[in-house]
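1. Okay, sequence plus prediction incoming.
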Amino acid sequence: MIANNDKLDLENIERIERGKRIKYIRENELKMNKTQLAKEIGVSGQFLGLVEAGNGNLVYKSIKKLMDLSGHSSDYILFGLDDSVISETKKYLKKFTSKELISYIDIIKTLTLSLRNR
């Protein structure tokens, strides 16, 4: 069982790491300053600075806007989970029509079921 202090320490660490990811996305991928990104995601530059320093959290609406701007998943922004597979998959899927994708999904379902029944 995790003690309350340990739980708070983990939450603080997660918030700090999340802030670092957001700052990295802003500076290195979006090439924006704090004021620019803050305006785009609907917060003040001062609040974004607090978030990046690990002293605040974005609300859903702002995270969604950051996802749309950056192309990253919420899993990456919030928890640091690798989302490169998602972005690579999206690139490949754009080459197919909806009808083709539905057919391929049906094939995958059939294949999965047959592999489970081995």
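-> The structure has been received and is ready for your questions.
2. How far does the helix ranked longest in the chain sit from its chain's centre?
-> Scanning the chain for the longest helix, with DSSP state H as the assignment, gives helix 4-24. Averaging C-alpha positions (Cα atoms, centre = their mean, to the nearest Å) puts helix 4-24 15 Å from its chain's average.
3. which sections of this protein are below the confidence cut-off?
-> Applying pLDDT under 70 to the chain flags residues 1-3.
4. From one end of stretch 20-33 to the other, what's the distance?
-> Length of stretch 20-33, first residue to last, Cα to Cα, to the nearest Å: 14 Å.
5. ok, back up a step: how about the longest helix of the chain, which residues are buried there?
-> By neighbour count with 16 or more other Cβ atoms under 10 Å, helix 4-24 contains the buried residues R15, R18, G19, R21, I22, K23. For glycine as for every other residue, the C-beta is placed from the backbone atoms N, C-alpha and C.
6. Just send those back as a markdown table, with distance to G56 too.
-> What follows is the buried residues of helix 4-24, written out as a markdown table (distance: Cβ to Cβ, whole Å):
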| residue | distance to G56 |
| --- | --- |
| R15 | 8 |
| R18 | 10 |
| G19 | 8 |
| R21 | 14 |
| I22 | 10 |
| K23 | 13 |
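7. What is the most widely separated pair among those residues?
-> R15 and K23 (12.7 Å; Cβ to Cβ).
8. I22 touches G54, doesn't it?
-> No. Checked against Cβ atoms under 8 Å, the pair I22 and G54 is beyond contact range at 10.0 Å.
9. what do those two both touch?
-> Residues touching both I22 and G54 by Cβ atoms under 8 Å, 6 or more residues apart in numbering: none at all.
10. Give me the residues contacting stretch 36-53.
-> Stretch 36-53 is contacted by residues 16, 18-20, 22-23, 26, 30, 32, 34-35, 56-58, 61-62, 65-66, 69 when judged by Cβ under 8 Å, 6+ apart.
11. Break this structure into its domains for me.
-> Following automatic domain parsing, one gets these domains for the chain: 1-81, 83-118.
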